[in-house]
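*Asks:* Structure for the following, please:
(2 chains)
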Amino acid sequence: MVAAAQHPNIKIMTYAEVEQVEGYVGNFEVTIRQKARSVDVDACTGCGSCWEKCPQKVTSEFDQELAQRKAIYTPFPQAVPNVPVIDRSNCRHFTREKGKCRVCQNVCPAKAVDYEQQDQVIKEKFGAIVMATGYDLFPWEEAYGEYGYGKYPDVITGLQFERMNNASGPTGGRIVRPSDAKVPQTVAFIKCVGSRDEVKGKAYCSRACCMYTAKHAHQVLDKIPGSQAYVFYMDVRTPGKAYDEFYQKSVHEGAVYLRGRVSRIYPQGDKLMVCGEDTLLGRQVEVAADLVVLATAMIPSRGWEQIARTVGVATDKDGFFQEAHPKLRPVETFTAGVYLAGACQGPKDIPDTVAQAGAAAAKVCSLFSRDEMTTEPLISEVNERLCSGCGLCVPVCPYKAIELKTIQERIPGGQRQRQVASVNSGLCQGCGACNVACRTGAVTLKGFTDDQLLAEVDVVCL
Amino acid sequence: MRRVGVFICHCGTNIAANVDVKRVVEAVKDYPEVAFATDYQFMCSLPGQDLIKSAIAEHHLDRVVVASCTPRLHEPTFRKAVADGGLNPYLFEMANIREQCAWVHAGDKERATAKAIDLVRMAVAKVKKHAPLTPSSIPVRHRLLVIGAGIAGMQTALDVADAGYEVVLLDREPTIGGKMVMLDKTFPTLDCSA
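*Replies:* As a prediction, the model looks like this:
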């Protein structure tokens, strides 16, 4: 993180969103909305007076709702840039006491707080785009009634467990029960919550859970003397380098692995009864747990539909971005110049993500190694004499490659202007959708002309 | 009058097990304007490509058809072989007799072979009408946008920036780091994640 922040060739734009992408490989023009931070980035020293004094508390998204932040905040202490933002939907100045509360502005020694700051919309030019939008967790509370629909505070997700374990997290690294802050003696882990469950969740395996659950079990046994860790699993999948050894280590440390799905969790006293089946022994098991940790499925990051549409990448049935070929072109997309890295393409762990990110970088570097690139000639062309300028081809083009342009032409007794379709050779991918839409036969796809296709049909039909 | 060369691939046993390759050759070799037809075990191999190049010279071919796998796999390979043989690379057509014949009609060799013959005849009819095409070129701006600044975005940005190119690393959150900075120690090395 620090390396990226300090690199002279990297410009960081946080609190910013992509609004529009125009152009094509080598020549993208991207409209970016820089959201108003309400803090002057250049003036702010990151001293923290503002968020210490801010009177408005809000549930912390970064701490996975296990703690609170202020309305002016940085998500965590090592944030880059170390400049807070005002969450205007919760800030008192912007909401209920309109204009009144000015605590952060008053305490700021650098006079950096600026309530008048507006969103800025800028246009920037790029040669390539890498999608690295990541994942979110499957909303298990909406699907798993047998685990309490989220109403038991001591049934948490793996990511919440991570926050608790983190030294800069809400408990300073101590594993406790969210309900009463007591240290749990018995922790039950349930894998494949939302993954490999076609009925309630997703058909796919989320790939990272087996390993992080093994790590969590190790951390429980390591941090809490005399504790017990039970892991309910369907399969243990540890195919990475040094992965199975890692899993075996947690077993040797005392983690008890039970093969079977959990059918129900219910509270009894201050315990959570976890009922399941041990399919290896063929009998019912019940564990009285203090804390239950769910390994929930990875799903595409919220907003995936919109960013996919804006940039122009295809998605699979689950919303992950579609690679051009699962084996041979795993980091390219069907849109030239747009590449994929990380969990936006499919669930993966950190080692695989870093490897894929390196592959995407190599693709970008190979594109950038030339000043010009050759384009495939199998693209559409417009016969302007036949084109009526009806514009039907414009909306059917999935690559936004066709625009109407105005041409001058001579007619008896003078000149006239009219509109005709025009194909951008950098954007056209040769799919042929415009050919089908064209009523006058003005658009043809080079290499797939009507003449060529009819010759094929004739040979088998005549 | 065109002079079309037709090359039928076995793809090891991928095609040959379900399509009678020899019969396809026999069926198309006397087809109008087909000057040469043959089969080979792996057309994509170097000897397979050499077969195309030498046949272009020997039989004065001006069009080439390869019947093998999906064009997504080897169209660039064969276009290059055709270009190396001295022809415009777009005077080439591919018939997919692996996915569209051998694989989908596995177990029905008779009909898979009949379909393969049809597909090859279609490709021959089409290639006769091919015109030479030339690629054009477009400028490339050496500047990258990375959308999302988690571990994937940061790593890509660093690698590309190290190569000397300008990178904009963008995130909708107030900080870079993504999900990874939420984590405690990470497997399998148990080192920190920030």
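
*Asks:* what's around the residue in chain B that chain A sits nearest to, how many residues?
*Replies:* In chain B, the residue found nearest to chain A is B:Ala152; the distance is 2.5 Å by Cβ to the nearest Cβ. Any C-beta I mention is one placed from the backbone N, CA and C, and that applies to glycine too. As a burial measure, B:Ala152 scores 32 neighbours (other Cβ atoms under 10 Å in any protein chain shown).

*Asks:* Could you chop the chain up by domain?
*Replies:* Using chain A. What automatic domain parsing lists as the domains of chain A is A:2-126, A:128-373, A:380-461.

*Asks:* Oops, wrong one, chain B.
*Replies:* Domain assignment for chain B by automatic domain parsing gives B:4-127, B:143-182.

*Asks:* which helices and strands sit right next to the top helix by length along chain B?
*Replies:* Longest helix in chain B, counting residues (DSSP state H): helix B:109-127. If contacts are counted by 3 or more Cβ pairs under 8 Å, 6 or more residues apart in numbering or on different chains; DSSP states H and E, helix B:109-127 sits against helix A:450-461, strand B:4-9, helix B:21-29, strand B:63-68, strand B:92-96.

*Asks:* Do a quick rundown of the helices in the chain.
*Replies:* All of this is about chain A. Going by DSSP H, chain A shows helices at A:2-6, A:49-53, A:103-107, A:158-165, A:209-223, A:243-252, A:304-311, A:350-368, A:393-396, A:433-437, A:450-461.

*Asks:* hmm, I had chain B in mind actually
*Replies:* Using DSSP H, the helices of chain B run over B:21-29, B:46-58, B:71-84, B:109-127, B:151-162.

*Asks:* Now chain A against chain B: closest residue?
*Replies:* Taking Cβ to the nearest Cβ, chain A has A:Gly342 as its residue nearest chain B, at 2.5 Å.

*Asks:* What residues does the residue nearest to that residue when sequence neighbours are not counted make contact with?
*Replies:* Excluding the flanking residues, the one nearest A:Gly342 by Cβ to Cβ, 6 or more residues apart in numbering or on different chains is B:Ala152, at 2.5 Å. Contact analysis of B:Ala152 by Cβ atoms under 8 Å, 6 or more residues apart in numbering or on different chains lists A:Ala132, A:Gly134, A:Ala341, A:Gly342, A:Ala343, A:Cys344, A:Thr353, A:Val354, A:Gln356, A:Ala357, A:Ala360, B:Gly178.

*Asks:* Tell me the confidence at the residue of chain B closest to chain A?
*Replies:* Note on B:Ala152: pLDDT of 97.

*Asks:* got it, and B:Ser193?
*Replies:* With respect to pLDDT, B:Ser193 has a value of 67.

*Asks:* got it, and B:Lys129?
*Replies:* 96.

*Asks:* So it is in contact with A:Gln452, correct?
*Replies:* Yes. B:Lys129 lies in contact with A:Gln452 (Cβ atoms under 8 Å); the separation is 4.7 Å.

*Asks:* Give me the more crowded residue out of the two.
*Replies:* Neighbours per residue, other Cβ under 10 Å: of B:Lys129 and A:Gln452, the larger number sits with A:Gln452, 20 against 17.

*Asks:* Just list the residues touching that one, thanks.
*Replies:* Taking Cβ under 8 Å, 6+ apart as the test, what A:Gln452 contacts is B:Lys126, B:Lys129, B:His130.

*Asks:* and what of A:Thr315?
*Replies:* For A:Thr315, the contacting residues are A:Pro300, A:Trp304, A:Glu305, A:Ala308, A:Phe321, A:Gln322, by Cβ under 8 Å, 6+ apart.

*Asks:* If any of those are buried, put those into a ChimeraX selection.
*Replies:* Buried members of those, defined by 16 or more other Cβ atoms under 10 Å in any protein chain shown, are picked up in ChimeraX with:
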select /A:300,304,308,321,322
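
*Asks:* With distance to A:Leu66 and pLDDT added, can I get the contacts of A:Thr315 in JSON lines?
*Replies:* Listed next are these as JSON lines, based on distance: Cβ to Cβ, whole Å; pLDDT from 0 to 100:
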{"residue": "A:Pro300", "distance to A:Leu66": "24", "pLDDT": "98"}
{"residue": "A:Trp304", "distance to A:Leu66": "25", "pLDDT": "97"}
{"residue": "A:Glu305", "distance to A:Leu66": "29", "pLDDT": "96"}
{"residue": "A:Ala308", "distance to A:Leu66": "31", "pLDDT": "96"}
{"residue": "A:Phe321", "distance to A:Leu66": "30", "pLDDT": "98"}
{"residue": "A:Gln322", "distance to A:Leu66": "35", "pLDDT": "97"}
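
*Asks:* Tell me the one of the contacts of A:Thr315 nearest A:Asp278?
*Replies:* Using Cβ to Cβ, A:Pro300 comes nearest to A:Asp278 of the contacts of A:Thr315, at 34.2 Å.

*Asks:* low-scoring stretches of the chain, by residue?
*Replies:* No chain in the question, so chain A it is. Along chain A, segments meeting pLDDT under 70 span A:97.

*Asks:* wait, I meant chain B there
*Replies:* B:193-194.

*Asks:* one more time with 80
*Replies:* B:192-194 (pLDDT under 80).

*Asks:* which residues does residue 11 contact?
*Replies:* Just so you know, I chose chain A. A:Lys11 touches B:Glu166, B:Val167, B:Val168, B:Leu169, counting by Cβ under 8 Å, 6+ apart.

*Asks:* Please refer instead to chain B.
*Replies:* By Cβ under 8 Å, 6+ apart, the residues touching B:Cys11 are B:Phe42, B:Ser68, B:Cys69, B:Arg98, B:Ala102.

*Asks:* for A:Gly430, same thing?
*Replies:* A:Glu376, A:Leu378, A:Ile379, A:Ser380, A:Leu445, A:Lys446, A:Gly447, A:Phe448.

*Asks:* Can you lay out the residues you listed as JSON lines showing neighbour count and distance to chain B?
*Replies:* Output for those, formatted as JSON lines (neighbours: other Cβ atoms under 10 Å in any protein chain shown; distance: Cβ to the nearest Cβ, whole Å):
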{"residue": "A:Glu376", "neighbour count": "16", "distance to chain B": "7"}
{"residue": "A:Leu378", "neighbour count": "16", "distance to chain B": "7"}
{"residue": "A:Ile379", "neighbour count": "22", "distance to chain B": "9"}
{"residue": "A:Ser380", "neighbour count": "26", "distance to chain B": "13"}
{"residue": "A:Leu445", "neighbour count": "22", "distance to chain B": "11"}
{"residue": "A:Lys446", "neighbour count": "18", "distance to chain B": "6"}
{"residue": "A:Gly447", "neighbour count": "19", "distance to chain B": "6"}
{"residue": "A:Phe448", "neighbour count": "16", "distance to chain B": "9"}
